[in-house]
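Chemist: Next come a sequence and a model predicted from it.
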Amino acid sequence: MGTKLNAPGISRRKRSLGADPLVMLTAYDAPSARMADEAGTDLILVGDSVAMVVLGHENTMSVSIDDMAHHAAAVARTRPRAMVVVDMPWMSYHVSQADTVTNAARLVRAGAQAVKLEGGVERVPMIEAIVSAQVPVMGHLGLTPQSMLAQGGYRVQGRSSEAALRLVADAKALAHAGCFAIVLEGMPATVGRMITEAVDVPTIGIGAGDGCDGQVLVFHDVLGLETRVLPRFVRRYASMHSDGVGALARFAADVRSGAFPGPGESYEMNPGEEDMALGLYGHRV
Ligand code: KIV
């Protein structure tokens, strides 16, 4: 089982200080959380990617604080050793500081040990408000899916030197505001390295190269539960969609051929009761 991981411990995990790389996986329900935890992941992210990979929405902007609390609670009930971080959905931290803190508290009461939110220096007042309510915050910079309308789609960020330095400045502002770790998504590896060197909290990359302090991927992408075209930064370690469809098709064939259920998959009556029941019923079945 091991000691439960938490924000202060994670915040010290810089590779430059000799720490092992952090491993984070998304999970959205009890079975996926148990699998991620048994695999030894350090952090479980109840990501707003739940919108697409579980709930069938087009983008992450469709999920609400109620959706995130519902999935966070399912993950937290498994009591994983991994630290549970929950995404604040779009518009749950944009309106006012009071609203932001109330929404963060909702996720903590559902089981979050920390919340994650997207954006740079413009988010500092909201981050400070959550941190002063004693809730750890993870930042998220670069390709931020909740900004897909403003960014004109899902585009790699920080390709120009000006944009790269803006990201470094954003990361410093997030760390200064009290973020205990920062996700870096969809940016050149050089920019991932620059940011990782510039801040003293760990960076966790997704499409941000090998220089980050850790890596995160989406559960369904790693296991091949999805058939959609994957971004180039994903490495698939299993083909659970095709394995699963094959298994379900064998079940359907067994039902249709009468091979399922067999005697070992059926129950018996108490000794002596069967003949009595059939006699009373009138004929054998
Ligand atoms: O929602 C999510 O899955 C995420 C990861 C991509 C970091 O935010």
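Modeler: Sure, I can see it.

Chemist: Next, please give the residue ranges for the strands of this protein.
Modeler: Using DSSP state E, the strands of the chain run over 22-26, 43-46, 83-87, 114-116, 137-142, 181-185, 203-206, 214-217.

Chemist: need the ones you listed in TSV with mean neighbour count and mean pLDDT, can you?
Modeler: Yep, even glycine has a C-beta here, placed from its N, CA and C like the rest. As requested, the strands of the chain are exported to TSV (neighbours: other C-beta atoms under 10 Å; pLDDT from 0 to 100):
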stretch	mean neighbour count	mean pLDDT
strand 22-26	24	98
strand 43-46	30	98
strand 83-87	28	98
strand 114-116	25	98
strand 137-142	29	98
strand 181-185	27	98
strand 203-206	29	98
strand 214-217	22	98
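
Chemist: how about those strands, which one is nearest Asp170?
Modeler: Nearest to Asp170, of all the strands of the chain, is strand 137-142, at 5.5 Å by C-beta to C-beta.

Chemist: how about the strands of the chain in TSV, adding distance to the ligand?
Modeler: Compiled in TSV, those are given as follows (distance: least, C-beta to the nearest ligand atom, whole Å):
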stretch	distance to the ligand
strand 22-26	5
strand 43-46	6
strand 83-87	5
strand 114-116	7
strand 137-142	6
strand 181-185	5
strand 203-206	5
strand 214-217	5
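
Chemist: Turn these into TSV, columns for distance to Leu278.
Modeler: Listed next are these as TSV, based on distance: least, C-beta to C-beta, whole Å:
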stretch	distance to Leu278
strand 22-26	54
strand 43-46	53
strand 83-87	54
strand 114-116	62
strand 137-142	64
strand 181-185	65
strand 203-206	63
strand 214-217	57
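
Chemist: Mind checking those strands for the one nearest to Gly2?
Modeler: Gly2 sits nearest to strand 83-87 of all these, at 12.1 Å, using C-beta to C-beta.

Chemist: for whatever residue of the chain ends up closest to the ligand, what are its contacts?
Modeler: Closest contact between the chain and the ligand, by C-beta to the nearest ligand atom, is at Gly47 (2.4 Å). Neighbour list for Gly47: 26, 28, 87, 116, 218 [criterion: C-beta atoms under 8 Å, 6 or more residues apart in numbering].

Chemist: can you do 6 Å?
Modeler: Listed by C-beta atoms under 6 Å, 6 or more residues apart in numbering, the contact set of Gly47 reads 26, 87.

Chemist: Quick check: residues of this structure near the ligand?
Modeler: Within reach of the ligand by C-beta under 6 Å from any ligand atom, the chain has these residues: 26, 45, 47-49, 87, 183, 185, 206, 216, 218.

Chemist: Looking at these, which is nearest Ser32?
Modeler: For those, the nearest to Ser32 is Thr26 (7.9 Å; C-beta to C-beta).

Chemist: Please name the nearest non-neighbouring residue to that closest one.
Modeler: Of all residues not flanking Thr26 in the chain, Gly47 sits nearest, at 4.2 Å (C-beta to C-beta, 6 or more residues apart in numbering).

Chemist: picking that back up, select, out of the strands of the chain, the one closest to Glu162.
Modeler: Of all these, strand 137-142 sits nearest to Glu162, with 14.8 Å by C-beta to C-beta.

Chemist: Quick check: neighbours of the closest one in the sheet, parallel or antiparallel?
Modeler: Sheet pairing for strand 137-142, assigned by DSSP bridges, gives strand 114-116 (parallel), strand 181-185 (parallel).

Chemist: Could you list the residues in contact with it?
Modeler: With contact meaning C-beta under 6 Å, 6+ apart, strand 137-142 is reached by 85, 114-116, 118, 120, 127, 130-131, 157, 167, 170-171, 174, 179, 181-187.

Chemist: Repeat that for stretch 157-170.
Modeler: 120-121, 141-143, 187, 191, 194-195, 198.

Chemist: rerun that using 10 Å as the cut-off
Modeler: Residues outside stretch 157-170 that contact it (C-beta atoms under 10 Å, 6 or more residues apart in numbering): 119-124, 139, 141-144, 147, 151, 156, 182, 184-188, 190-192, 194-195, 197-199, 208.

Chemist: I'd like the average pLDDT over it.
Modeler: For stretch 157-170, mean pLDDT is 98.
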